[in-house]
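**Q** Sequence plus the predicted model coming up.
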Amino acid sequence: MALTESRPGALGASLPTFTLADPFGRSFASTELAGARGLLVAVTCNHCPYAKAVWGRLIALADEARPLGIHTVAINPNLNPDYPEDSPQAMQAEIRTRGIPFPYLVDVDQSVARSLGAVCTPEFFLYDADGVLVYHGRLDDNWQDPGRVTRQELRDAVRALAQGRPVPGEQRPALGCSIKWV
C-alpha cells in the first residue's frame, strides 16, 4: 500500500452535517453523535495495514474519552469493489471481532469523507462541543509498534479538550492508505 499523508486540516472548521448507517442498517446523525465535550471522528477501514495497526489503540482511546464527555465514531469511505475487505459485511465481522464499542459507519457515496477533507485511512478529526475542529492528524508517532510510541498527540488533544484547556497547536499529519475514491 502506498503511504499517503493527510493535508493540513482547517482548524476551526465546522463538523459537516450528515446521516450515515452502520453495516447493520442503523442510522446515525452527526448532530446526535457528540458527547458533552465533543466528538472524535476516525476515517478508517478494514483493509489498510496502517488502519489495522491502530484499531486497538483507537478503541482504547475511545474507551478513555467516553467518560470524559467525548464520543467516537468511525467512518469507512472505502466501499470499492476492488477492496471486498471493506464491504459492509466485512465491517460487521470487524465490529464483532474487535468489539468496536462506537458506531462504525458506511460512507457509501464518500460524501462525508470529502466534506471532512480526508485523504487517507486512518485519519482523525476532533471536534469540540460546538462542532468546531480542534485537532486533525495522526493518532500517535508510531503506527507500526505501540511499544515504541513516544508521543500520543490525539490522546493529548482529547485530554486537553475534556479539561477545557487549549488543544496543542502542533499537529502532525495522519499517515495511511489513500482513500479509494470511486
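**A** Great, that's in hand. Everything numeric here is computed off the predicted structure, so don't read it as measured data. Numbers count the residues shown, from 1 in each chain.

**Q** Tell me where this protein is predicted with low confidence.
**A** The chain contains residues with pLDDT under 70 at 1, 9.

**Q** Could you say which helix or strand holds the residue nearest to the spatial centre of it?
**A** Of all residues in the chain, the one closest to the mean position by CA atoms, centre = their mean is Ala42, 0.5 Å from it. Assessed by DSSP states H and E, Ala42 sits inside strand 38-43.

**Q** for Tyr50, same thing?
**A** helix 49-65.

**Q** For that helix, which helices and strands make contact with it?
**A** strand 38-43, strand 70-76, helix 88-98, strand 120-121, helix 153-162, strand 175-178 (3 or more CB pairs under 8 Å, 6 or more residues apart in numbering; DSSP states H and E). C-beta: built from backbone N, CA, C; applies to glycine.

**Q** What is the distance between that helix and the centre of its chain?
**A** Between the centre of helix 49-65 and the centre of its chain there are 9 Å (CA atoms, centre = their mean, to the nearest Å).

**Q** and what of stretch 64-82?
**A** Distance, stretch centre to chain centre, for stretch 64-82: 5 Å (CA atoms, centre = their mean).

**Q** that older thread, winner for burial among the helices and strands packed on helix 49-65?
**A** strand 120-121 (a mean of 29; mean count of other CB atoms under 10 Å).

**Q** Touching that strand from outside, list them.
**A** The contact list for strand 120-121 (CB atoms under 8 Å, 6 or more residues apart in numbering) reads 4-6, 43-45, 48, 50-51, 77-78, 174-179.

**Q** just checking, next helix/strand downstream of it?
**A** Under the assignment DSSP H and E, the closest C-terminal helix or strand after strand 120-121 is strand 123-128.

**Q** For the residue lying closest to Pro166 once chain neighbours are set aside, which residues are in contact?
**A** The shortest distance from Pro166 to any non-neighbouring residue, by CB to CB, 6 or more residues apart in numbering, is to Ala160 (6.5 Å). Neighbouring residues of Ala160 by CB under 8 Å, 6+ apart: 166-168.

**Q** Thank you kindly, that will do.
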